[in-house]
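# what follows is a predicted structure for the sequence shown.
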Amino acid sequence: MSQIYLKTNRIFSPWRKYAWIFTLTVAVGGLWFPLLGLLVLPVMLGLTAVSFIKGRYWCGNICPHGSLFESLLEPFAVNRHIPDFLKTKAFGIGFFAFFGYNLFNRFITASTHWGSLLFWERVGFIFVASYLMVTIVGGLGSVFISSRTWCTFCPMGTMQKASYWLGRKTGISKLGDEKIKISQLDACISCGKCAKVCPMQLSPYQSFSDKNQFDCSDCIKCSTCVKSCPVQLLSLEKIS
């Protein structure tokens, strides 16, 4: 029997509800004012810094594209199963390499205008084009498959997982990392609702560690499962 995915409220803060405005400002407004694309630079720095300690927390709580996919587009989503190949490490790394190669080539072309305003406009437009591509491709994936389809292979998500790996290896992530925890594993009724509402289509109830933590690096820590647990056993807490 195939998994059933449920639509539920995933908007728990004003930022998560309205951050999509930033996405459309850059992706659409940047077509006329390409310098708007430079606003993506602090976004990239921010998500890398946050992921070093908290994994993919940015994806589930701060990402403007995530806000677009869930706040605006999820009501129209058909909520199908995200194809398994999109979730594989090989596809994620391959897409990251393809995406990075294209960005690198565009930066090389823009560098010929170094020292002029045109250079910054060209660089800005690189980010505008990327943001627009994510908006279109991710938006189509949201509507015709599931709201977070793009997030399963997003290059920024792959970069965050790499940053998180480094944070864990150095022990720095322990300073502020949080994970989904279950207070009493034997009290879980195995209803599977946490899996049915998870935007990344993960299954926490089947994967808790011996520390009662959900250790999957693809968890975006959005707390949707926490809010939806019918017996209120789940929480997002500092790791033990």
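Sure, I can see it.

# ok, longest helix in the chain?
helix 117-144 (DSSP state H).

# packing partners of it?
Contacts defined by 3 or more C-beta pairs under 8 Å, 6 or more residues apart in numbering; DSSP states H and E place helix 117-144 against helix 20-27, helix 40-54, helix 64-67, helix 89-110. From N, CA and C alone the C-beta is placed, and that goes for glycine too.

# what stretches of the chain score poorly on pLDDT?
Regions of the chain meeting the criterion pLDDT under 70 cover residues 1-2, 240.

# okay, now the domains of it?
14-165, 178-238 (automatic domain parsing).

# tabulate these (CSV), appending distance to residue 7.
CSV is the format used below for the domains of the chain (distance: least, C-beta to C-beta, whole Å):
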stretch, distance to residue 7
domain 14-165, 6
domain 178-238, 8
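
# out of the ones you listed, which is closest to residue 6?
domain 178-238 (4.6 Å; C-beta to C-beta).

# ends of the closest one, how far apart?
Start and end residues of domain 178-238 are separated by 4 Å (C-alpha to C-alpha, to the nearest Å).

# stretch 210-224 now?
Terminal-residue distance, stretch 210-224 (C-alpha to C-alpha): 22 Å.

# contacts only, for the residue nearest the centre of the chain.
What sits nearest the mean C-alpha location of the chain, by C-alpha atoms, centre = their mean, is residue 59, with 3.1 Å. Residue 59 sits next to 66, 151, 154, 156-157, 160, 220, 222 when contact means C-beta atoms under 8 Å, 6 or more residues apart in numbering.

# show me which of the residues you listed are buried.
Buried members of these, counted by 16 or more other C-beta atoms under 10 Å: 66, 151, 154, 156-157, 160, 220, 222.
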